[in-house]
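**Student:** sequence and predicted model, in that order:
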Amino acid sequence: MYFGSFTHNLDEKGRLMIPRKMREELGYKVYIMKGFEGSLSLYNEERYQKLVEEFSRLSFNQSKVRDYLRLQFASTYEMEVDKLGRVQIPTALLTKYNISKEVLVLGIGDHIEVWDKAKYEEYENNIRDEFESIAENIDAKKE
């Protein structure tokens, strides 16, 4: 399980140092894709395969499903974690989602999110006062 928040700087080649706490569970092969609210989502191989299985249960006959799957799969890149614990985030993703050099790496349970630091701070400021209200209105997933 991933948790916590870590501030990092991308190097000149767009490489991100994965926090040590997260590195072991992440493994060698990782997948990065469009996340929500302007973030990027990073998955280990096992969780990514489960996500693909979840996607395969959706009906491609529905236009909104097609839209969602196209955006998700088109934004997905397979990457390898190097010996120093870094991943090379594709320039196309950094540019498309306006992620600058200073980033926040957040553990979100089953995956990691990468945010532009300033963008995340703005997002957090906008929802901070609603935390209790949000918590009261969340229902657990029904399996």
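**Tutor:** That came through fine. Numbers count the residues shown, from 1 in each chain.
**Student:** switch to C-alpha atoms for all contacts and neighbour counts from now on
**Tutor:** Will do.
**Student:** low-confidence stretches in the protein?
**Tutor:** 140-143 (pLDDT under 70).
**Student:** show me the helices in it, by range?
**Tutor:** With DSSP state H as the criterion, the chain has helices at 20-26, 45-56, 63-74, 91-96, 117-127, 131-136.
**Student:** burial measure for Lys50, as a count.
**Tutor:** By other CA atoms under 10 Å, 11 other residues sit near Lys50.
**Student:** out of the helices of the chain, nearest to Asp82?
**Tutor:** helix 20-26 (10.7 Å; CA to CA).
**Student:** re earlier: for Asp11, which of the helices of the chain is the nearest?
**Tutor:** helix 91-96 (12.0 Å).
**Student:** what are the buried residues along that closest one?
**Tutor:** Leu93, Leu94 (16 or more other CA atoms under 10 Å).
**Student:** also stretch 74-88?
**Tutor:** Quick answer for stretch 74-88 (16+ other CA under 10 Å): Ser75, Thr76, Met79, Val81, Gly85, Arg86, Val87, Gln88.
**Student:** widest-spaced pair of these?
**Tutor:** Ser75 and Gly85 (22.4 Å).
**Student:** please produce TSV containing the helices of the chain, extended by distance to Lys34.
**Tutor:** TSV is the format used below for the helices of the chain (distance: least, CA to CA, whole Å):
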stretch	distance to Lys34
helix 20-26	18
helix 45-56	13
helix 63-74	6
helix 91-96	8
helix 117-127	15
helix 131-136	24
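**Student:** all set now, cheers.
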